[in-house]
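Visitor: Sequence first, predicted model second:
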Amino acid sequence: MSEHFIGSSFKLKIHDLSRGGSGVGRIGERVVFVPFSLPGDELEVEITRAEKRFLEGKILNIQVASPDRVPARCPVFGKCGGCTWQHVPYDQQWRTKKDGVLQALGRAGVQVQGVPLQEFPAEDSWNYRNRIQLRAENGVIGFFEKASRQLVGIEKCDVAKEEINAVLPNLGNQMELSTKRGTQKIELDVRPGAEVRIAVNQPHAAFGFRQVNDAQNEKLQQWVKESFSVRGHLLDLYGGFGNLSLPLSVQMESIDCVDVSVPDQGKSPYSHFHYSKSDVLPWLKKRLKDHEKGTLRWSLPRVTVLDPPREGLGDSGVEIVENLGELQVSQAILVGCDPDSFSRDVGRFLKSNWSLESLAVFDFFPQTPHVESAARFIRPI
Ligand SMILES: C[S@@+](CC[C@H](N)C(=O)[O-])C[C@H]1O[C@@H](n2cnc3c(N)ncnc32)[C@H](O)[C@@H]1O
């Protein structure tokens, strides 16, 4: 039984940084994950969680600090639920993310040796977020602590764009937040060269889903564009408003952009670009019926980009990948923001006769362990 570890304190040397974000040490045979630590740290930790295969601990004190540690910029580092890697130098953040994607692929049984890998670290590792979601309560504005509803007040956020930080000092007065009861949810969003938009108590991504890092998003758009140097039919699945397909609208003969929450269905900027507000799998099944009846009018080659949420293609994944093959799609790009679900979905493509041509890793979220990966596949038709 492992529970007897909980509450005990141990001396621990950290020897690795996990892709989940914690430093890794050992107590006997057991692996211990310690948030906010770094290889080279010598710590006293208290065990806070004990599972059969691993323990988790919190730092009681740092006896010897890793020489690699960098000072955290933010005064609420360690309290606020975001940006848990401020103590990690950026090149180490990047290496851990990239290696983590390769490790997840390996664990899913994907052979990556010989597959070209393109790397897109961030040039700006601070002030990159074009959207943040704050809470306000009793005149205090800030973020919730991790896994808690305890509010941590902030004056600025070092990963938010400067335009967003510029409106924070007056936000309370402007929104008359001190007169409001209960917790308010405030989303701030800024487009390049535009004014900050503010939404109070609206659903998440009130102004529509949009990648939060404009500079890195441009690199992803460009990578997708260069990967499809063809003229044919493009399926942008989990396409949102068409972030990854609109840049291809001049080149492609026709485009279908499918998403459960397309904001203005039918209001497409081009006659050959169609939005469909739908779940991906039923939409593909309908197209398959059209294909069988001989009424599907998509030109060749047929190519697709799939950019699902964190859980990846989920339970529908095998069927989605098979349907693409039956619809004579011959090139595919899969984008994923969780290395494990992404790797599982890459494995599904490979099992369904697709071959992996190249991989790419993008850092959309410096100062956090999050990483975006992409894979390009082809399939004979
Ligand atoms: C990671 S976002 C990508 C959006 C877009 N490709 C972009 O770059 O802005 C994932 C999108 O998947 C959509 N989504 C989630 N589950 C879906 C489903 N089952 N079928 C269709 N779209 C779905 C969400 O609405 C969201 O817009």
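Guide: Right, received. Where do you want to start? Numbers count the residues shown, from 1 in each chain.
Visitor: In three-state terms, label Q63 for me.
Guide: Of the three states, Q63 takes strand under DSSP: H, G, I helix; E, B strand; the rest coil.
Visitor: contacting residues for it?
Guide: Counting by Cβ atoms under 8 Å, 6 or more residues apart in numbering, Q63 makes contact with 11, 42-44. All C-beta atoms are positioned from the backbone trio N, CA, C, and that covers glycine.
Visitor: buried sites along the strand or helix carrying E44?
Guide: Assessed by DSSP states H and E, E44 sits inside strand 42-50. Neighbour-count burial for strand 42-50 flags 43, 45-47, 50 (criterion: 16 or more other Cβ atoms under 10 Å).
Visitor: Throw those residues into JSON lines and include distance to the ligand and pLDDT, thanks.
Guide: Listed next are the buried residues of strand 42-50 as JSON lines, based on distance: Cβ to the nearest ligand atom, whole Å; pLDDT from 0 to 100:
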{"residue": "L43", "distance to the ligand": "36", "pLDDT": "98"}
{"residue": "V45", "distance to the ligand": "35", "pLDDT": "98"}
{"residue": "E46", "distance to the ligand": "37", "pLDDT": "98"}
{"residue": "I47", "distance to the ligand": "36", "pLDDT": "97"}
{"residue": "A50", "distance to the ligand": "34", "pLDDT": "95"}
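Visitor: how about TSV for those residues, with distance to I62 added?
Guide: Formatted as TSV, the buried residues of strand 42-50 follow (distance: Cβ to Cβ, whole Å):
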residue	distance to I62
L43	6
V45	10
E46	13
I47	17
A50	22
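Visitor: follow-up on the earlier one: how about the contacts of Q63, which pair is most distant?
Guide: E42 and E44 (8.6 Å; Cβ to Cβ).
Visitor: tell me, what's touching these two both at once?
Guide: Counting by Cβ under 8 Å, 6+ apart, the residues touching both E42 and E44 are 11-12, 63.
Visitor: from those, which single one is nearest K180?
Guide: L12 (45.3 Å).
Visitor: before we move on, which element is the closest one in?
Guide: Using DSSP H and E, L12 falls within strand 9-13.
Visitor: I'd assumed R19 was in contact with Q103.
Guide: Yes. Q103 is within contact range of R19, at 6.6 Å (criterion: Cβ atoms under 8 Å).
Visitor: Quick check: neighbours shared by these two?
Guide: Joint contacts of Q103 and R19 (Cβ under 8 Å, 6+ apart) are P339.
Visitor: Please determine how far E357 is located from D340.
Guide: Applying Cβ to Cβ, to the nearest Å, the value for E357 to D340 is 22 Å.
Visitor: Mind checking which of these two has more residues around it?
Guide: More neighbours surround D340 than the other of E357 and D340, with 18 against 15 (other Cβ atoms under 10 Å).
Visitor: so what's the more buried one up against?
Guide: 104, 107-108.
Visitor: Recalculate using a threshold of 6 Å.
Guide: By Cβ atoms under 6 Å, 6 or more residues apart in numbering, the contact list for D340 reads A104.
Visitor: three-state assignment of it?
Guide: Classified using three-state DSSP, D340 is helix.
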